[in-house]
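Chemist: From the sequence below, what's the structure:
(one chain, ligands or ions: 2)
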Amino acid sequence: MRTLIIVPTHNEAANICTVLDEIQRHVPNTDIMVIDDSSTDDTRSLVRKRIAAGDAIEIVEREEKRGLGDAYLHAFRLALADGYDAVVEIDADMSHDPAVLPTMLAVAERGIDLVIGSRYIPGGSVVGWPRRRTWLSRWGNRYAAIMLGLAVNDATAGYRVYRTDALRAINLDGIQAGGYGFQVEMTYRTVGEGLSVVEIPIQFRDRVAGTSKMHRGIVFEAFKLVTYWGLADLFSMRRRRRAYREEVQAAAAQNRSS
Ligand SMILES: Nc1nc2c(ncn2[C@@H]2O[C@H](COP(=O)(O)OP(=O)(O)OP(=O)(O)O)[C@@H](O)[C@H]2O)c(=O)[nH]1
Ligand SMILES: [Mg+2]
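Modeler: Residues are numbered from 1 along each chain as shown. Ligands and ions are numbered 1, 2, ... in the order given. The predicted structure follows:
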């Protein structure tokens, strides 16, 4: 399985070398793409140095900060054009332990379309988050699962493997969300296409270095979109049921008259 590991960055100079070292240690000989949006620290020069030293890394440099979802979509399209069989999403801040990669990739190799490194299944956990943030994430996930009818425990997770066939089946051009909502929307579409999803437990660790790019707007966007998609589903289901009832009644009336 030809795999591309995508590492999105925005000012991750404090973490980028560690995460690249760990990825290379646990899954040697796997291509890595760093997609950097407008870092003003040394992130880019640190990556360029490794590329110059002969590492199997490429860097995509974008001058505007367009958000995590946009960065992944850009990288997915490059991976699809390049004929990769699978792509990995992993944060640069060491919240996602690269030691889990061999297990996640082995599951994808068996044909699972989406493998999620999950905090909210037995064996999974979150270390170092204030209680408020864990609560928000846990209940945000429950809300998304209920609204969208997803049998997924961690739909906002950012540690994933997609088979590229699955990405081809999803309409990537229609993706609306940028932040946490992006992960939920991708999950929703994957499930909606009837593709397979497996969650693997992970221990998520809060970043120890660098600064967070999380902000209230990202959470609000996800909440708004999940509510909108959930209600749209509900109404379209009602519409479908009504149309079906009307069809049945019309057929019965026709039977009676003939
Ligand atoms: N290319 C790109 N990467 C981004 C952007 N925003 C965040 N990232 C990266 O995406 C990953 C996840 O972002 P984080 O800031 O860790 O977000 P988080 O995990 O929700 O929050 P914290 O861990 O608390 O900071 C990190 O590797 C970031 O550097 C962006 O606009 N463009
Ligand atoms: Mg993080």
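
Chemist: Could you check how far E221 is from ligand 2?
Modeler: Computed as Cβ to the ion, to the nearest Å, the E221 to ligand 2 distance reads 17 Å. (C-beta placed from N, C-alpha, C; glycine too.)

Chemist: Report pLDDT for that residue.
Modeler: According to the prediction, E221 has pLDDT 89.

Chemist: repeat for R241
Modeler: Here the pLDDT value assigned to R241 is 78.

Chemist: any idea which element it lies in?
Modeler: For R241, the element it lies in under DSSP states H and E is helix 216-257.

Chemist: Briefly note if that helix comes near ligand 1.
Modeler: No. Helix 216-257 stays clear of ligand 1 (Cβ under 6 Å from any ligand atom), getting no nearer than 7.5 Å.

Chemist: Please apply the same query to stretch 36-52.
Modeler: Yes. Remark: stretch 36-52 sits within contact range of ligand 1 at 36-37, by Cβ under 6 Å from any ligand atom.

Chemist: what's the span of that stretch, first residue to last?
Modeler: This stretch, stretch 36-52, spans 17 Å end to end (Cα to Cα, to the nearest Å).

Chemist: Also stretch 85-101?
Modeler: One end of stretch 85-101 sits 15 Å from the other (Cα to Cα).

Chemist: Surely T187 is in contact with V115?
Modeler: No. Look at T187 against V115 with Cβ atoms under 8 Å: they stay out of range, at 11.7 Å.

Chemist: what touches both of these two?
Modeler: When Cβ atoms under 8 Å, 6 or more residues apart in numbering defines a contact, the residues bordering T187 and V115 alike are V197.

Chemist: what sits against W229?
Modeler: Contacts here follow Cβ under 8 Å, 6+ apart; on that basis W229 touches 147-148, 185, 188.
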